[in-house]
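Participant: Got a sequence here, can you model it:
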Amino acid sequence: MHLLQQTIQNIQGADNKMMEQARERIDALSKPPGSLGKLESLAVQLSGITGQLFPKIDNKAVIVCAADHGVCDEGVTSNPQNVTVFQTLNFPKGLTGVCAIAKITNAKIVTVDVGVKEDIPFDAGVILKKIKYGTDNMAKGPAMSREEAIQSIEVGIEVATGEIKNGANVLGTGEMGIGNTTPSAAILSVLHACNPLEVTGFGAGVGPGGIEHKVEVIQKAITLNKPNRHDAIDILAKVGGLEIGAMAGVVLAAAAHRKPVVIDGFISTIAALIAYELEPKVKDYIIPSHTSEEPGAKIAAELLGVEPMLHMNMRLGEGSGAALAFPILDAACSMMQNMATLEESMMLLEK
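Facilitator: Predicted structure coming up:
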């Protein structure tokens, strides 16, 4: 708990003065005002995050947090749980979707076992931070204790802080956990105070009972556990997931160290919401990548107050959307570094 509190205390808002300077420069560039659209607002945000007029983000890392879910016992997914472990082992081998996309920008993939149901070998290239062997079945009781929820957040803080100390200057959030759209929808149902049907989708593959059964399980878990809407840790503990907590920790750590954090789709956005509930200033550091195909994704983004850049009909997870968005951040930085203002252009002509 001390690490979590200390991290939250270290989070300050973006540098508004630098953002004003960035806007002034962008408006003076040799182009029609606003003609580069979202690239301009992204550049302003990056300047505010880094405190630099010409931000540089050349050391990228996607932190993929892996964990299993006891609620799979309720038949909410058609996928076997052992997919979590073998995909977790595939990340260090570079064999997953996010790995393929991350190669475009030489982004590092960091894999963390925060709660996989099986033991991961010590030499597998995975950071071993297992809190427990998957969450408990939230349809029969809390997914985890409050202490375990805090521990999951602190795992994310520790891993992200380690990557930043090793030179990472932009982070992405990713996850691996069969069944994790179920706790994600449950968390969003509580935060949005809505019927789970409004935010529940097929995930990686819905179980034989269909969406209706998945919704029933989520509603049962919420009714049974009574998570406190005004206590993000209570929500995470009662109907959440270990990897969701860890990703929330990554977001908090990025904000505390003034680094941009690119979030993936639905599940990553839910994790960002948990971080936001703990400290609203994290929003200044969050860059949303894409609009997931999950029905709750748009609602989660609206609740967080962010607008994803990409609409690619993706729903893989793993941090794939974050990796895909990295080149857009590079383009925003290049615009600041390489475009001349009208005044600079005129001076060059006069020489």
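
Participant: what are the phi and psi angles of His290?
Facilitator: The phi/psi pair for His290 (degrees, to the nearest 10) reads phi -140, psi 160.

Participant: Could you tell me which residues make contact with it?
Facilitator: Counting by CB atoms under 8 Å, 6 or more residues apart in numbering, His290 touches Asp264, Gly265, Pro308, Met309, Leu310, His311, Met312, Met314, Gly321, Leu324, Ala325. Placement of C-beta: from N, CA and C, glycine included.

Participant: nearest to Leu36, of the residues you listed?
Facilitator: Lowest distance from Leu36 to the contacts of His290 (CB to CB) belongs to Met309, with 12.9 Å.

Participant: What is the neighbour count of the closest one?
Facilitator: Using other CB atoms under 10 Å, Met309 is surrounded by 20 other residues.

Participant: ok, it touching Pro288?
Facilitator: Yes: between Met309 and Pro288 there is a contact at 6.9 Å, judged by CB atoms under 8 Å.

Participant: List the residues that are in contact with both of these two.
Facilitator: Common neighbours of Met309 and Pro288 (CB under 8 Å, 6+ apart) do not exist.

Participant: re the thing from before, any chance of the contacts of His290 in CSV, plus distance to Thr111, pLDDT and secondary structure?
Facilitator: Output for the contacts of His290, formatted as CSV (distance: CB to CB, whole Å; pLDDT from 0 to 100; DSSP: H, G, I helix; E, B strand; the rest coil):
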residue, distance to Thr111, pLDDT, secondary structure
Asp264, 15, 97, coil
Gly265, 18, 96, coil
Pro308, 24, 97, coil
Met309, 25, 95, coil
Leu310, 24, 96, strand
His311, 28, 95, coil
Met312, 23, 95, coil
Met314, 20, 94, coil
Gly321, 17, 97, helix
Leu324, 18, 98, helix
Ala325, 20, 98, helix
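
Participant: biggest separation within those, which pair?
Facilitator: The most widely separated members of these, counting by CB to CB, are Asp264 and His311 (14.2 Å).

Participant: Neighbour count for these two, which is higher?
Facilitator: Per other CB under 10 Å, whichever of Asp264 and His311 has more neighbours is Asp264, with 33 against 9.

Participant: which residues does the more buried one contact?
Facilitator: Asp264 touches 172-175, 289-290, 292, 317-322, counting by CB under 8 Å, 6+ apart.

Participant: and if you look at Ile267?
Facilitator: By CB under 8 Å, 6+ apart, the neighbours of Ile267 are Glu175, Asn180, Thr181, Ser184, Glu243, Ile244, Met247, Gly317.

Participant: what do you get for Leu329?
Facilitator: Contacts of Leu329 by CB under 8 Å, 6+ apart are Leu42, Leu46, Ile57, Val170, Pro260, Val262, Ile287.

Participant: Which of these sits closest to Gln81?
Facilitator: Val262 (28.1 Å).

Participant: Would you enumerate the residues in contact with that closest one?
Facilitator: By CB under 8 Å, 6+ apart, the contact set of Val262 is Val170, Leu171, Gly172, Thr173, Ile287, Pro288, Ser289, Ala322, Ala325, Phe326, Leu329.

Participant: tell me, how many neighbours does the fourth one end up with?
Facilitator: Thr173: 34 surrounding residues under other CB under 10 Å.

Participant: counting contacts, what elements does the strand or helix carrying it pack onto?
Facilitator: According to DSSP states H and E, Thr173 maps onto strand 170-176. Using 3 or more CB pairs under 8 Å, 6 or more residues apart in numbering; DSSP states H and E, the elements in contact with strand 170-176 are strand 60-67, helix 82-90, helix 146-165, helix 242-256, strand 261-263, helix 266-278, helix 320-338.

Participant: Let's test this: mean pLDDT of the fourth one, rounded?
Facilitator: Spelled out, it's helix 242-256. Average pLDDT, helix 242-256: 98.

Participant: Using CSV, write out every CA atom in that helix.
Facilitator: The C-alpha coordinates for helix 242-256 follow below in CSV (Å, rounded to 0.1, in the frame of the first residue of the first chain):
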residue,chain,number,x,y,z
LEU,A,242,-5.2,-9.3,-11.3
GLU,A,243,-3.9,-8.2,-14.8
ILE,A,244,-6.4,-5.3,-14.8
GLY,A,245,-5.0,-4.1,-11.5
ALA,A,246,-1.4,-4.5,-12.8
MET,A,247,-2.3,-2.4,-15.9
ALA,A,248,-3.8,0.2,-13.7
GLY,A,249,-0.4,0.3,-11.9
VAL,A,250,1.4,0.8,-15.2
VAL,A,251,-0.8,3.8,-15.9
LEU,A,252,-0.1,5.3,-12.5
ALA,A,253,3.6,4.7,-12.7
ALA,A,254,3.8,6.3,-16.2
ALA,A,255,2.0,9.4,-14.8
ALA,A,256,4.2,9.6,-11.7
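
Participant: low pLDDT regions in the protein?
Facilitator: Where the chain drops to pLDDT under 70, the residues are 350-351.

Participant: According to the record, where do the domains of it fall?
Facilitator: Following automatic domain parsing, the chain resolves into domains at 2-55+336-350, 60-328.
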